[in-house]
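Enquirer: build me a structure from this.
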Amino acid sequence: MISDRVAKGLLPIAVVMLTFSACTTAEPEAPALAAGAPDWWCDQLPREANIEFERVDVETDWFQVHRLGDGVFSLNEPNQFQEVISYLVVGEERALLFDTGLGMSPIRTVVEQLTSLPIVVLNSHTHFDHIGGNAEFDHILAFDSAYTRANQRGFPHQELAGEVAPEAFCNGAPDGLDTGSFHTRPWSPSGTVRDGDTLDLGGRVLKVLHVPGHTPDSLALIDRQNRLLWTGDTYYDATIWIYVPETDLDAYERSLDRLAALAPSVKRLLPAHNTVSADPANLVEASRAIRQVRSGEVSGEEQSNHRVVFRFQNFSFLTSRPLLEGKKGDPSAGGSGLTTWP
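Expert: Here you go, the predicted structure:
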């Protein structure tokens with residue numbers, strides 16, 4: 001979830017922790033920054049990996065749109081420290097919007113500038129920063145789980161206040177956003193998906209992969225014909241958050257192994273934060289790294305609130321001591337992605 005997640009974006013973690021639920025017991029210190037990193041994630045914009053792709057001119061002051069290939073667009077929100085990325089995939093008959101972002105600025109008006117086809121929404125998972133615009137759409141597919149159903153009620157301002165603090169933005173909040181009451185609206189699915197389902201957009205077929213771990217309802221998408229793999233928050237080139245109570249490290253390890261097995265057959269990963277492209281080989285490295293973390297082969301840096309960060313060449317893992325010790329949270333309660341262990 002955040003820009004360089006502890007270092008992903010390099011925003012002091014204290015800002016993020018303002019949004020944590022009552023189970024948080026102490027205000028954490030800001031984590032150490034990566035060696036040579038700038039003090040502010042805004043200094044890293046635009047991301048080098050994004051510059052190579054064509055920028056698409058749309059009427060919006062908030063989203064940055066890039067064309068990643070024929071019928072594939074990224075909708076980035078770089079001016080908020082989460083640096084969330086949603087994706088629009090356009091077929092001949094319909095279009096799929098994979099995630100709807102933070103909900104701080106309308107996303108539907110941007111999508112409708114890119115396609116006039118019917119739009120169906122599918123979320124990579126239901127943390128707040130990926131379902132913010134769901135309520136703008138009528139046709140939403142969802143993974144059928146207690147966790148997902150709990151998150152359909154939306155998230156109140158008290159959980160998300162830190163996301164709209166002045167320090168959370170590069171150039172201020174988007175026009176029209178009431179930062180004093182920002183919340184995500186309830187939404188309802190019009191259908192469900194399961195592992196292995198295919199979504200035929202007309203001339204383009206996407207396969208749904210259930211990859212639990214980060215959350216119980218985490219999904220990936222693969223376009224075999226075009227050799228593209230959307231990884232959601234299961235993998236991105238930054239500090240990957242796998243420390244909240246709804247995270248399951250056993251499931252996460254299995255899911256990384258599953259995606260790593262696909263790496264030779266895809267040419268590009270399309271992650272949900274920071275950069276619109278990543279090297280599939282990094283999945284193999286990540287699957288090996290998570291085993292090293294869990295076996296104790298590598299040492300992490302202890303952070304406040306039971307958090308531990310493990311750094312590798314292309315990414316880091318931010319996990320928690322309770323999860324490493326085998327504790328389990330209650331996924332049926334849902335979760336914004338911003339809670340921590342007591």
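Enquirer: from here on, just use CA atoms for contacts and neighbour counts.
Expert: Will do.
Enquirer: end-to-end on stretch 69-86?
Expert: Length of stretch 69-86, first residue to last, Cα to Cα, to the nearest Å: 15 Å.
Enquirer: contacts for it next, please.
Expert: The contact list for stretch 69-86 (Cα atoms under 8 Å, 6 or more residues apart in numbering) reads 1-3, 9, 11, 41-42, 45, 62-68, 87-91, 97-102, 129-130, 168-172, 271-276.
Enquirer: buried among those? Make that a PyMOL selection.
Expert: With 16 or more other Cα atoms under 10 Å as the burial test, the buried ones among the contacts of stretch 69-86 are selected in PyMOL as follows:
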select buried, resi 1+2+3+9+11+41+42+62+63+64+65+66+67+68+87+88+89+90+91+97+98+99+100+101+102+129+130+168+169+170+271+272+273+274+275+276
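Enquirer: out of the contacts of stretch 69-86, list just those in helices.
Expert: Using DSSP state H, the subset of the contacts of stretch 69-86 located in helices is empty.
Enquirer: next one: phi and psi at Ala289?
Expert: When read as degrees, to the nearest 10, the backbone of Ala289 gives phi -70, psi -40.
Enquirer: for it, give me its contacts.
Expert: Each residue near Ala289 by Cα under 8 Å, 6+ apart is listed here: Phe312.
Enquirer: Val205 too?
Expert: Thr198, Leu199, Asp223.
Enquirer: report the beta-bridge partner residues of it.
Expert: Beta-bridge partners recorded for Val205 (DSSP bridges): Asp200.
Enquirer: distance of it from Leu228?
Expert: 11 Å.
Enquirer: same question, Glu297
Expert: 32 Å.
Enquirer: the two: which has the busier surroundings?
Expert: Just comparing Glu297 and Leu228: by other Cα atoms under 10 Å the higher neighbour count belongs to Leu228, 20 against 10.
Enquirer: just checking, the more buried one touches Leu269?
Expert: Yes. Between Leu228 and Leu269 a contact is recorded at 6.2 Å, counting by Cα atoms under 8 Å.
Enquirer: what kind of secondary structure is the closest residue to Arg67 other than its chain neighbours in?
Expert: Leaving aside its sequence neighbours, Arg67 sits nearest to Phe73 (Cα to Cα, 6 or more residues apart in numbering; 4.6 Å). Here Phe73 is recorded as strand under DSSP: H, G, I helix; E, B strand; the rest coil.
Enquirer: what is the burial count for Phe73?
Expert: Phe73 is flanked by 24 other residues according to other Cα under 10 Å.
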